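Colleague: starting from these lines, generate the structure:
(one chain, ligands or ions: 1)
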Amino acid sequence: MKRTKKSAKWGDATLAIHRGEPRHGRGGPVAPEIVRSSTFTFSSTEEMKRWAEGKTSAYIYTRYGNPTLTIAEEKIAALEGAEAAIVAASGMAAISSALLAVLSAGDEVISTAQLYGGTYRLMRDVFPRMGIRVRHVEADLAGVEEMVTTQTRCLYVETPTNPSLRLVDLRRAMELARAFKLTAIVDNTFASPVLQKPIALGFDMVVHSATKYLGGHSDLIGGAVAGSREWVGRVRENIIYLGGCMDPEAAFLLIRGMKTLGVRVARQCKTAMEVARFLERHPKVARVHYPGLASHADHRLARRQMRDFGGMLSFDVKGGIAATRRFCDRVRIFSLAASLGGVESLVVLPIYTSHYRMSKKELERAGVEPGTVRVSIGLEDAADLIEDLRQALR
Ligand code: PLP
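Modeller: Below you'll find the model as predicted:
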(Lines give C-alpha, C1' and ligand atoms only; values in the text may rest on other atoms or scores of the structure.)
Protein backbone atom coordinates (compact mmCIF):
# COMPACT_ATOMS: atom_id res chain seq x y z
CA MET A 1 0.00 0.00 0.00
CA LYS A 2 1.58 3.25 -1.14
CA ARG A 3 0.33 6.67 -0.13
CA THR A 4 -0.61 9.27 -2.70
CA LYS A 5 2.02 11.88 -3.48
CA LYS A 6 1.54 15.15 -1.64
CA SER A 7 0.87 18.11 -3.86
CA ALA A 8 0.52 21.61 -2.49
CA LYS A 9 -1.10 22.67 -5.76
CA TRP A 10 -4.18 20.50 -5.60
CA GLY A 11 -7.55 22.19 -5.22
CA ASP A 12 -10.01 21.39 -2.44
CA ALA A 13 -12.07 18.90 -4.45
CA THR A 14 -8.99 16.91 -5.48
CA LEU A 15 -7.64 16.97 -1.92
CA ALA A 16 -10.98 15.81 -0.51
CA ILE A 17 -11.11 12.88 -2.93
CA HIS A 18 -7.46 11.77 -3.03
CA ARG A 19 -5.53 12.97 0.01
CA GLY A 20 -4.67 10.22 2.46
CA GLU A 21 -6.07 7.43 0.28
CA PRO A 22 -3.86 4.38 -0.14
CA ARG A 23 -2.83 3.61 -3.74
CA HIS A 24 -3.12 -0.06 -4.61
CA GLY A 25 -1.76 -1.80 -7.66
CA ARG A 26 -3.90 -3.32 -10.40
CA GLY A 27 -7.05 -4.99 -9.10
CA GLY A 28 -7.05 -3.08 -5.81
CA PRO A 29 -10.08 -1.33 -4.35
CA VAL A 30 -10.67 2.34 -5.14
CA ALA A 31 -12.65 3.02 -1.95
CA PRO A 32 -10.76 2.80 1.35
CA GLU A 33 -11.28 -0.16 3.63
CA ILE A 34 -12.73 0.14 7.09
CA VAL A 35 -10.07 -1.21 9.41
CA ARG A 36 -12.53 -2.54 11.95
CA SER A 37 -9.94 -3.68 14.45
CA SER A 38 -9.57 -2.44 18.00
CA THR A 39 -5.97 -3.60 18.21
CA PHE A 40 -2.93 -4.18 15.98
CA THR A 41 -0.15 -6.77 16.15
CA PHE A 42 3.44 -5.97 16.97
CA SER A 43 6.06 -7.78 14.91
CA SER A 44 8.11 -8.51 18.04
CA THR A 45 8.64 -7.49 21.64
CA GLU A 46 11.44 -5.29 20.28
CA GLU A 47 8.81 -3.30 18.33
CA MET A 48 6.61 -3.16 21.42
CA LYS A 49 9.53 -1.71 23.38
CA ARG A 50 10.26 0.79 20.63
CA TRP A 51 6.62 1.91 20.68
CA ALA A 52 6.69 2.42 24.45
CA GLU A 53 9.84 4.51 24.02
CA GLY A 54 8.08 6.68 21.42
CA LYS A 55 10.42 5.48 18.64
CA THR A 56 7.72 4.22 16.25
CA SER A 57 4.36 5.57 15.24
CA ALA A 58 2.97 2.10 14.41
CA TYR A 59 -0.75 1.57 15.03
CA ILE A 60 -1.27 -0.31 18.26
CA TYR A 61 -4.83 0.36 19.43
CA THR A 62 -7.65 2.27 17.74
CA ARG A 63 -8.08 4.77 20.59
CA TYR A 64 -4.52 5.89 19.77
CA GLY A 65 -4.94 5.79 16.00
CA ASN A 66 -6.24 3.65 13.16
CA PRO A 67 -5.52 3.61 9.39
CA THR A 68 -9.12 4.54 8.49
CA LEU A 69 -9.06 7.44 10.95
CA THR A 70 -5.74 8.56 9.49
CA ILE A 71 -7.26 8.91 6.01
CA ALA A 72 -10.01 11.17 7.40
CA GLU A 73 -7.42 13.16 9.37
CA GLU A 74 -5.18 13.72 6.35
CA LYS A 75 -8.12 14.98 4.29
CA ILE A 76 -9.25 17.39 7.01
CA ALA A 77 -5.71 18.71 7.55
CA ALA A 78 -5.33 19.24 3.79
CA LEU A 79 -8.69 20.99 3.43
CA GLU A 80 -8.00 23.29 6.37
CA GLY A 81 -4.44 23.94 5.18
CA ALA A 82 -3.15 22.65 8.53
CA GLU A 83 -0.08 20.58 9.36
CA ALA A 84 -2.19 17.94 11.07
CA ALA A 85 -5.68 17.02 12.20
CA ILE A 86 -7.34 14.55 14.52
CA VAL A 87 -10.85 13.14 14.35
CA ALA A 88 -13.00 12.62 17.44
CA ALA A 89 -16.17 10.86 18.54
CA SER A 90 -18.24 14.06 18.18
CA GLY A 91 -17.93 17.79 17.69
CA MET A 92 -18.17 18.22 21.45
CA ALA A 93 -15.33 15.70 22.00
CA ALA A 94 -13.23 17.74 19.56
CA ILE A 95 -14.15 21.09 21.16
CA SER A 96 -13.63 19.97 24.77
CA SER A 97 -10.36 18.20 23.91
CA ALA A 98 -9.06 21.27 22.04
CA LEU A 99 -10.01 23.70 24.81
CA LEU A 100 -8.56 21.44 27.50
CA ALA A 101 -5.33 21.24 25.54
CA VAL A 102 -4.98 24.97 26.26
CA LEU A 103 -6.75 25.52 29.57
CA SER A 104 -5.94 24.36 33.10
CA ALA A 105 -7.35 25.25 36.53
CA GLY A 106 -6.89 28.98 37.16
CA ASP A 107 -6.92 29.90 33.45
CA GLU A 108 -9.43 32.05 31.63
CA VAL A 109 -10.94 31.80 28.16
CA ILE A 110 -12.63 34.64 26.32
CA SER A 111 -15.38 33.42 24.03
CA THR A 112 -18.07 34.93 21.88
CA ALA A 113 -21.46 34.73 23.62
CA GLN A 114 -23.03 33.63 20.36
CA LEU A 115 -22.12 29.97 20.23
CA TYR A 116 -23.57 26.54 19.61
CA GLY A 117 -25.60 25.90 22.82
CA GLY A 118 -23.61 22.78 23.71
CA THR A 119 -20.32 24.69 23.67
CA TYR A 120 -21.93 27.48 25.68
CA ARG A 121 -23.22 25.02 28.31
CA LEU A 122 -19.80 23.26 28.46
CA MET A 123 -18.26 26.63 29.32
CA ARG A 124 -21.09 27.64 31.69
CA ASP A 125 -21.71 24.38 33.56
CA VAL A 126 -18.52 22.28 33.34
CA PHE A 127 -15.51 24.60 33.07
CA PRO A 128 -16.18 26.52 36.33
CA ARG A 129 -16.10 23.17 38.20
CA MET A 130 -12.63 22.65 36.74
CA GLY A 131 -11.48 26.07 37.91
CA ILE A 132 -11.60 27.54 34.38
CA ARG A 133 -13.17 30.97 34.08
CA VAL A 134 -15.12 31.96 30.97
CA ARG A 135 -15.79 35.51 29.85
CA HIS A 136 -18.09 36.33 26.98
CA VAL A 137 -17.92 39.05 24.34
CA GLU A 138 -20.24 39.94 21.50
CA ALA A 139 -19.52 38.75 17.97
CA ASP A 140 -17.84 42.12 17.21
CA LEU A 141 -15.22 41.29 19.90
CA ALA A 142 -15.61 44.76 21.44
CA GLY A 143 -14.04 44.99 24.88
CA VAL A 144 -11.64 42.04 24.63
CA GLU A 145 -8.70 44.33 25.47
CA GLU A 146 -10.27 45.30 28.80
CA MET A 147 -11.22 41.73 29.60
CA VAL A 148 -7.78 40.14 29.21
CA THR A 149 -5.98 39.36 32.48
CA THR A 150 -2.69 37.63 33.20
CA GLN A 151 -4.68 34.39 33.45
CA THR A 152 -6.27 34.64 29.98
CA ARG A 153 -4.98 31.89 27.69
CA CYS A 154 -7.47 31.43 24.90
CA LEU A 155 -9.76 33.27 22.48
CA TYR A 156 -12.57 31.05 21.21
CA VAL A 157 -14.91 32.12 18.42
CA GLU A 158 -17.52 30.59 16.17
CA THR A 159 -18.39 32.08 12.78
CA PRO A 160 -21.02 32.15 11.35
CA THR A 161 -22.71 31.71 14.71
CA ASN A 162 -25.37 29.14 15.48
CA PRO A 163 -28.23 30.03 15.02
CA SER A 164 -28.05 33.81 14.65
CA LEU A 165 -25.72 33.72 11.61
CA ARG A 166 -23.61 36.62 12.88
CA LEU A 167 -20.00 36.77 11.74
CA VAL A 168 -16.83 37.23 13.74
CA ASP A 169 -14.06 39.10 11.92
CA LEU A 170 -11.36 36.42 11.85
CA ARG A 171 -8.58 38.93 11.07
CA ARG A 172 -9.59 41.09 14.03
CA ALA A 173 -9.74 38.02 16.27
CA MET A 174 -6.18 37.13 15.23
CA GLU A 175 -4.93 40.68 15.87
CA LEU A 176 -6.27 40.43 19.42
CA ALA A 177 -4.95 36.90 19.94
CA ARG A 178 -1.48 37.96 18.78
CA ALA A 179 -1.48 41.17 20.83
CA PHE A 180 -2.28 39.30 24.04
CA LYS A 181 -0.56 35.98 23.18
CA LEU A 182 -3.79 34.00 23.34
CA THR A 183 -4.29 30.66 21.66
CA ALA A 184 -6.92 31.25 18.98
CA ILE A 185 -9.53 28.57 18.30
CA VAL A 186 -12.42 28.81 15.85
CA ASP A 187 -15.42 26.55 15.28
CA ASN A 188 -15.58 26.29 11.48
CA THR A 189 -18.59 23.97 11.39
CA PHE A 190 -21.07 26.34 9.72
CA ALA A 191 -18.72 27.54 6.99
CA SER A 192 -16.69 24.36 6.38
CA PRO A 193 -13.16 24.67 4.96
CA VAL A 194 -14.71 25.21 1.52
CA LEU A 195 -15.84 28.70 2.53
CA GLN A 196 -13.10 29.86 4.90
CA LYS A 197 -9.66 28.70 6.03
CA PRO A 198 -8.81 30.23 9.41
CA ILE A 199 -5.43 28.47 9.74
CA ALA A 200 -4.13 30.63 6.87
CA LEU A 201 -5.04 33.71 8.95
CA GLY A 202 -3.02 32.42 11.90
CA PHE A 203 -5.56 30.50 14.00
CA ASP A 204 -3.93 27.86 16.18
CA MET A 205 -6.77 25.37 15.97
CA VAL A 206 -9.91 24.87 13.92
CA VAL A 207 -12.62 22.66 15.42
CA HIS A 208 -15.52 20.97 13.65
CA SER A 209 -18.64 19.07 14.27
CA ALA A 210 -17.92 16.59 11.46
CA THR A 211 -21.49 15.42 12.01
CA LYS A 212 -22.50 18.40 9.87
CA TYR A 213 -21.06 19.50 6.50
CA LEU A 214 -17.93 17.33 6.52
CA GLY A 215 -19.99 14.14 6.90
CA GLY A 216 -22.90 15.69 5.08
CA HIS A 217 -25.45 12.86 5.15
CA SER A 218 -26.87 12.90 8.71
CA ASP A 219 -25.54 9.39 9.27
CA LEU A 220 -22.59 9.85 11.63
CA ILE A 221 -21.54 11.68 14.78
CA GLY A 222 -17.99 12.99 14.64
CA GLY A 223 -15.66 15.86 15.30
CA ALA A 224 -12.26 17.11 14.21
CA VAL A 225 -9.47 19.46 15.27
CA ALA A 226 -6.93 20.81 12.77
CA GLY A 227 -3.79 22.79 13.59
CA SER A 228 -0.04 22.53 13.99
CA ARG A 229 1.50 19.11 14.69
CA GLU A 230 2.23 20.30 18.20
CA TRP A 231 -1.33 21.38 19.02
CA VAL A 232 -2.88 18.32 17.38
CA GLY A 233 -0.46 16.15 19.38
CA ARG A 234 -1.71 17.73 22.61
CA VAL A 235 -5.34 17.28 21.55
CA ARG A 236 -4.55 13.63 20.69
CA GLU A 237 -3.39 13.10 24.29
CA ASN A 238 -6.79 14.35 25.47
CA ILE A 239 -8.65 12.17 22.98
CA ILE A 240 -6.60 9.19 24.16
CA TYR A 241 -7.06 9.79 27.88
CA LEU A 242 -10.56 11.27 27.92
CA GLY A 243 -11.53 8.54 25.48
CA GLY A 244 -13.31 10.48 22.74
CA CYS A 245 -11.89 8.64 19.72
CA MET A 246 -13.82 8.20 16.49
CA ASP A 247 -15.07 4.78 15.45
CA PRO A 248 -13.58 3.47 12.14
CA GLU A 249 -17.09 2.92 10.74
CA ALA A 250 -17.88 6.61 11.30
CA ALA A 251 -14.50 7.54 9.81
CA PHE A 252 -15.39 5.65 6.63
CA LEU A 253 -18.67 7.55 6.32
CA LEU A 254 -16.82 10.79 6.98
CA ILE A 255 -14.24 10.01 4.28
CA ARG A 256 -17.02 9.24 1.82
CA GLY A 257 -18.93 12.37 2.79
CA MET A 258 -15.93 14.66 2.39
CA LYS A 259 -15.45 13.57 -1.22
CA THR A 260 -18.59 15.51 -2.18
CA LEU A 261 -18.14 18.40 0.27
CA GLY A 262 -17.36 20.98 -2.41
CA VAL A 263 -20.30 20.22 -4.69
CA ARG A 264 -22.71 19.92 -1.79
CA VAL A 265 -21.70 23.23 -0.23
CA ALA A 266 -21.76 25.07 -3.58
CA ARG A 267 -25.31 23.88 -4.27
CA GLN A 268 -26.43 24.53 -0.68
CA CYS A 269 -25.13 28.12 -0.86
CA LYS A 270 -27.02 28.73 -4.11
CA THR A 271 -30.29 27.31 -2.78
CA ALA A 272 -29.92 29.10 0.57
CA MET A 273 -29.62 32.43 -1.26
CA GLU A 274 -32.84 31.74 -3.20
CA VAL A 275 -34.66 30.67 -0.04
CA ALA A 276 -33.38 33.71 1.90
CA ARG A 277 -34.59 36.06 -0.86
CA PHE A 278 -38.01 34.38 -0.87
CA LEU A 279 -38.33 34.63 2.92
CA GLU A 280 -37.19 38.24 2.97
CA ARG A 281 -40.13 39.21 0.76
CA HIS A 282 -42.69 37.13 2.64
CA PRO A 283 -45.25 39.19 4.63
CA LYS A 284 -45.32 36.71 7.55
CA VAL A 285 -41.57 36.83 8.08
CA ALA A 286 -40.24 39.52 10.41
CA ARG A 287 -36.50 39.10 9.73
CA VAL A 288 -34.17 36.84 7.80
CA HIS A 289 -30.66 36.14 9.10
CA TYR A 290 -28.50 35.18 6.13
CA PRO A 291 -25.06 36.73 5.55
CA GLY A 292 -25.66 36.72 1.80
CA LEU A 293 -28.45 39.30 2.06
CA ALA A 294 -27.45 42.95 1.73
CA SER A 295 -29.74 43.63 4.73
CA HIS A 296 -27.59 41.42 6.98
CA ALA A 297 -25.49 43.32 9.53
CA ASP A 298 -22.34 41.39 8.57
CA HIS A 299 -22.87 41.21 4.81
CA ARG A 300 -19.75 43.21 3.95
CA LEU A 301 -17.61 41.17 6.30
CA ALA A 302 -19.07 37.98 4.81
CA ARG A 303 -18.10 39.13 1.30
CA ARG A 304 -14.57 39.79 2.50
CA GLN A 305 -14.11 36.73 4.65
CA MET A 306 -16.07 33.89 3.07
CA ARG A 307 -16.00 32.38 -0.42
CA ASP A 308 -19.80 32.11 -0.36
CA PHE A 309 -22.47 32.62 2.28
CA GLY A 310 -23.24 29.07 3.38
CA GLY A 311 -26.22 26.77 3.53
CA MET A 312 -27.53 27.88 6.92
CA LEU A 313 -30.03 30.64 7.62
CA SER A 314 -32.53 31.54 10.27
CA PHE A 315 -35.63 33.71 10.34
CA ASP A 316 -38.15 35.14 12.78
CA VAL A 317 -41.80 34.44 12.05
CA LYS A 318 -44.26 37.24 12.84
CA GLY A 319 -46.61 36.24 15.67
CA GLY A 320 -43.94 34.79 17.99
CA ILE A 321 -43.68 31.25 19.23
CA ALA A 322 -47.30 30.21 18.48
CA ALA A 323 -47.04 31.18 14.79
CA THR A 324 -43.56 29.66 14.58
CA ARG A 325 -44.74 26.34 15.95
CA ARG A 326 -47.68 26.30 13.52
CA PHE A 327 -45.22 26.86 10.67
CA CYS A 328 -42.79 24.16 11.84
CA ASP A 329 -45.57 21.61 12.33
CA ARG A 330 -46.70 22.12 8.73
CA VAL A 331 -43.51 21.68 6.71
CA ARG A 332 -43.52 18.59 4.46
CA ILE A 333 -40.21 18.47 2.60
CA PHE A 334 -38.19 20.04 5.39
CA SER A 335 -37.86 17.70 8.38
CA LEU A 336 -38.36 19.02 11.87
CA ALA A 337 -35.01 17.91 13.27
CA ALA A 338 -31.91 19.14 15.06
CA SER A 339 -28.48 19.09 13.39
CA LEU A 340 -27.52 20.57 10.04
CA GLY A 341 -25.30 20.29 7.01
CA GLY A 342 -26.85 17.14 5.54
CA VAL A 343 -28.43 16.50 2.16
CA GLU A 344 -31.92 16.75 3.71
CA SER A 345 -33.29 20.19 4.50
CA LEU A 346 -34.17 20.68 8.15
CA VAL A 347 -35.95 23.24 10.29
CA VAL A 348 -35.66 23.49 14.03
CA LEU A 349 -36.61 25.74 16.93
CA PRO A 350 -33.33 26.60 18.69
CA ILE A 351 -35.09 27.44 21.98
CA TYR A 352 -36.15 23.80 22.25
CA THR A 353 -33.02 22.18 20.83
CA SER A 354 -29.49 23.64 20.51
CA HIS A 355 -30.31 26.46 22.96
CA TYR A 356 -32.47 24.63 25.53
CA ARG A 357 -31.78 25.28 29.24
CA MET A 358 -30.80 28.87 28.59
CA SER A 359 -32.32 31.87 30.41
CA LYS A 360 -34.17 34.67 28.60
CA LYS A 361 -31.12 36.89 29.05
CA GLU A 362 -28.77 34.24 27.69
CA LEU A 363 -31.01 33.67 24.68
CA GLU A 364 -31.11 37.42 24.00
CA ARG A 365 -27.32 37.54 24.12
CA ALA A 366 -27.11 34.55 21.80
CA GLY A 367 -29.41 36.37 19.36
CA VAL A 368 -32.15 33.74 19.71
CA GLU A 369 -35.79 34.89 19.71
CA PRO A 370 -38.60 32.55 20.80
CA GLY A 371 -39.85 32.75 17.22
CA THR A 372 -36.48 32.05 15.55
CA VAL A 373 -36.49 29.14 13.11
CA ARG A 374 -33.12 27.73 12.04
CA VAL A 375 -32.98 26.32 8.56
CA SER A 376 -30.39 23.92 7.15
CA ILE A 377 -30.59 23.78 3.38
CA GLY A 378 -30.11 20.36 1.82
CA LEU A 379 -29.85 19.25 -1.77
CA GLU A 380 -33.51 19.20 -2.78
CA ASP A 381 -34.69 21.42 -5.65
CA ALA A 382 -34.88 25.06 -4.58
CA ALA A 383 -38.36 25.47 -6.12
CA ASP A 384 -39.71 22.56 -4.03
CA LEU A 385 -38.21 23.95 -0.84
CA ILE A 386 -39.63 27.39 -1.50
CA GLU A 387 -43.07 25.93 -2.24
CA ASP A 388 -42.91 23.98 1.02
CA LEU A 389 -42.07 27.13 2.99
CA ARG A 390 -44.86 29.03 1.19
CA GLN A 391 -47.53 26.44 2.09
CA ALA A 392 -46.29 26.11 5.69
CA LEU A 393 -46.28 29.90 6.20
CA ARG A 394 -49.74 30.14 4.67
N1 PLP B 1 -20.38 23.25 16.80
C2 PLP B 1 -21.48 23.63 16.14
C3 PLP B 1 -21.47 24.95 15.42
C4 PLP B 1 -22.63 22.84 16.15
O5 PLP B 1 -23.72 23.24 15.50
C6 PLP B 1 -22.61 21.61 16.86
C7 PLP B 1 -23.78 20.71 16.93
O8 PLP B 1 -24.88 21.05 16.61
C9 PLP B 1 -21.44 21.25 17.54
C10 PLP B 1 -20.34 22.09 17.47
C11 PLP B 1 -21.36 19.98 18.33
O12 PLP B 1 -21.16 18.90 17.48
P13 PLP B 1 -21.60 17.39 17.79
O14 PLP B 1 -23.10 17.37 17.89
O15 PLP B 1 -21.07 16.62 16.63
O16 PLP B 1 -20.98 17.01 19.08
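
Colleague: how much space separates whatever residue of the chain ends up closest to the ligand from Leu340?
Modeller: The ligand sits closest to Gly91 of the chain, with a gap of 2.2 Å, by C-beta to the nearest ligand atom. Every residue, glycine included, has its C-beta placed from N, CA and C. Remark: distance between Gly91 and Leu340 (C-beta to C-beta, to the nearest Å) = 11 Å.

Colleague: which neighbours do the two share?
Modeller: Contact criterion C-beta atoms under 8 Å, 6 or more residues apart in numbering; residues shared by Gly91 and Leu340: Lys212.

Colleague: thinking again about what came up before, you'd agree the residue of the chain closest to the ligand is up against Gly223?
Modeller: Yes - counting by C-beta atoms under 8 Å, Gly223 is a contact partner of Gly91 at 4.1 Å.

Colleague: shared neighbours of the two, anything?
Modeller: Val207, His208, Ser209, Ala210, Thr211.

Colleague: just put those in JSON lines and tack on pLDDT, distance to Val126 and neighbour count.
Modeller: Output for those, formatted as JSON lines (pLDDT from 0 to 100; distance: C-beta to C-beta, whole Å; neighbours: other C-beta atoms under 10 Å):
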{"residue": "Val207", "pLDDT": "98", "distance to Val126": "16", "neighbour count": "28"}
{"residue": "His208", "pLDDT": "98", "distance to Val126": "20", "neighbour count": "29"}
{"residue": "Ser209", "pLDDT": "98", "distance to Val126": "18", "neighbour count": "30"}
{"residue": "Ala210", "pLDDT": "98", "distance to Val126": "22", "neighbour count": "31"}
{"residue": "Thr211", "pLDDT": "98", "distance to Val126": "20", "neighbour count": "25"}
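
Colleague: from these, which land in helices?
Modeller: With helices defined by DSSP state H, no entry of those lies inside them.

Colleague: now the residue positioned nearest the centre of the chain: closest residue in space that isn't a chain neighbour?
Modeller: Nearest to the geometric centre of the chain sits Thr189, at 2.1 Å (C-alpha atoms, centre = their mean). Leaving out its chain neighbours, the residue that sits closest to Thr189 by C-beta to C-beta, 6 or more residues apart in numbering is Ser209, at 4.6 Å.

Colleague: the one you found is in contact with Ala88, isn't it?
Modeller: No - here Ser209 does not reach Ala88: they are 9.8 Å apart, not a contact under C-beta under 8 Å.

Colleague: and for the two, which residues touch both?
Modeller: Common neighbours of Ser209 and Ala88 (C-beta under 8 Å, 6+ apart) are Ala94, Gly222, Gly223.

Colleague: could you check the pLDDT of the residue nearest to the first one when sequence neighbours are not counted?
Modeller: What that stands for is Ala94. Excluding its sequence neighbours, the residue lying closest to Ala94 (C-beta to C-beta, 6+ apart) is Gly223, at 3.0 Å. pLDDT, Gly223: 98.

Colleague: tell me the contacts of Gly223?
Modeller: 87-95, 207-211, 244, 246.

Colleague: next one: Ala382
Modeller: By C-beta under 8 Å, 6+ apart, Ala382 lies in contact with Lys270, Thr271, Glu274, Val275.

Colleague: quick one, which of those are buried?
Modeller: Lys270, Thr271, Val275 (16 or more other C-beta atoms under 10 Å).

Colleague: which SS state does the first one fall under?
Modeller: To tie it back to what came earlier, the one meant is Lys270. Using DSSP: H, G, I helix; E, B strand; the rest coil, the structure places Lys270 in helix.

Colleague: give the full set of residues in contact with it.
Modeller: Neighbours of Lys270 in contact, by C-beta under 8 Å, 6+ apart: Ala382.

Colleague: how close does it sit to Asp12?
Modeller: Counting by C-beta to C-beta, the gap from Lys270 to Asp12 is 17 Å.

Colleague: what does the last one give?
Modeller: With the distance defined as C-beta to C-beta, Val275 ends up 24 Å from Asp12.

Colleague: so after the helix or strand hosting Met48, what's the next helix or strand?
Modeller: According to DSSP states H and E, Met48 maps onto helix 45-52. Remark: after helix 45-52, the chain's next helix or strand is helix 67-80, criterion DSSP H and E.

Colleague: pLDDT below threshold where in the stretch 1-150 of the chain?
Modeller: By pLDDT under 70, the weakly predicted segments of the stretch 1-150 of the chain are 1-8.

Colleague: how about the helices of it, start to end?
Modeller: Per DSSP state H, counting those that start in this stretch, the stretch 1-150 of the chain carries helices over the ranges 12-18, 45-52, 67-80, 91-102, 117-121, 144-147.

Colleague: dump those helices to a markdown table, plus distance to Ala297 and mean neighbour count.
Modeller: Below are those laid out as a markdown table (distance: least, C-beta to C-beta, whole Å; neighbours: other C-beta atoms under 10 Å):
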| stretch | distance to Ala297 | mean neighbour count |
| --- | --- | --- |
| helix 12-18 | 29 | 19 |
| helix 45-52 | 53 | 12 |
| helix 67-80 | 27 | 25 |
| helix 91-102 | 26 | 25 |
| helix 117-121 | 21 | 21 |
| helix 144-147 | 19 | 14 |
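
Colleague: so which of those gets nearest Ile60?
Modeller: helix 45-52 (5.9 Å; C-beta to C-beta).

Colleague: three-state assignment of the residue nearest to the centre of the chain?
Modeller: Strictly by three-state DSSP, Thr189 counts as coil.

Colleague: surely it and Ser354 touch.
Modeller: No - counting by C-beta under 8 Å, Thr189 stays clear of Ser354, with 11.6 Å between them.
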